[in-house]
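> Okay, here's the prediction I keep looking at, along with the sequence it came from:
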Amino acid sequence: MTQQKRNIKDYLDAILDKDGIKTEVTITLTNETMTKIIISLLLAGVTMVTVFHLIKNYFPNAQLAALEQEVYHISKTLNQ
C-alpha cells in the first residue's frame, strides 16, 4: 500500500466545506508523523534552553554589575 503525501490544502479542504467548518474531522497520524512531531518538539525545547543559556551568560546583568560595584565601593570605604 502506497501512502499518498498530503499538503496543507488537503487538510484544510478536509476541515472546511462550503457551509463552513465541518464538525466531524478525522486526522490520521502515522508512526512516522508522530515521530516527526515528537522530534520537532524536543528540538524546539533544546533550542529554547540553549538560547536562554547563551543570552544569560553572554549578556551581562546590569543590576548585578551595579550591586557588585556598590559592594566594592563599600568594602573599599570600610578598609580605609
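Nice, thanks for sending it over.

> alpha carbons only for contacts and neighbour counts from here, please
OK.

> T33: which element?
helix 31-58 (DSSP states H and E).

> cool, and E70?
Using DSSP H and E, E70 sits in helix 62-79.

> Give me the buried positions along that helix.
Within helix 62-79, no residue counts as buried by 16 or more other CA atoms under 10 Å.

> That helix: how far from the chain's middle?
Distance, stretch centre to chain centre, for helix 62-79: 37 Å (CA atoms, centre = their mean, to the nearest Å).

> other SSEs contacting the helix holding T33?
Here helix 31-58 touches no other helix or strand, going by 3 or more CA pairs under 8 Å, 6 or more residues apart in numbering; DSSP states H and E.

> And L54, how close does it get to I38?
24 Å (CA to CA, to the nearest Å).

> swap in G45?
In terms of CA to CA, G45 sits 11 Å off from I38.

> Likewise for T50?
From T50 to I38 the distance is 18 Å (CA to CA).

> Low-confidence stretches in the chain?
1-5, 25 (pLDDT under 70).
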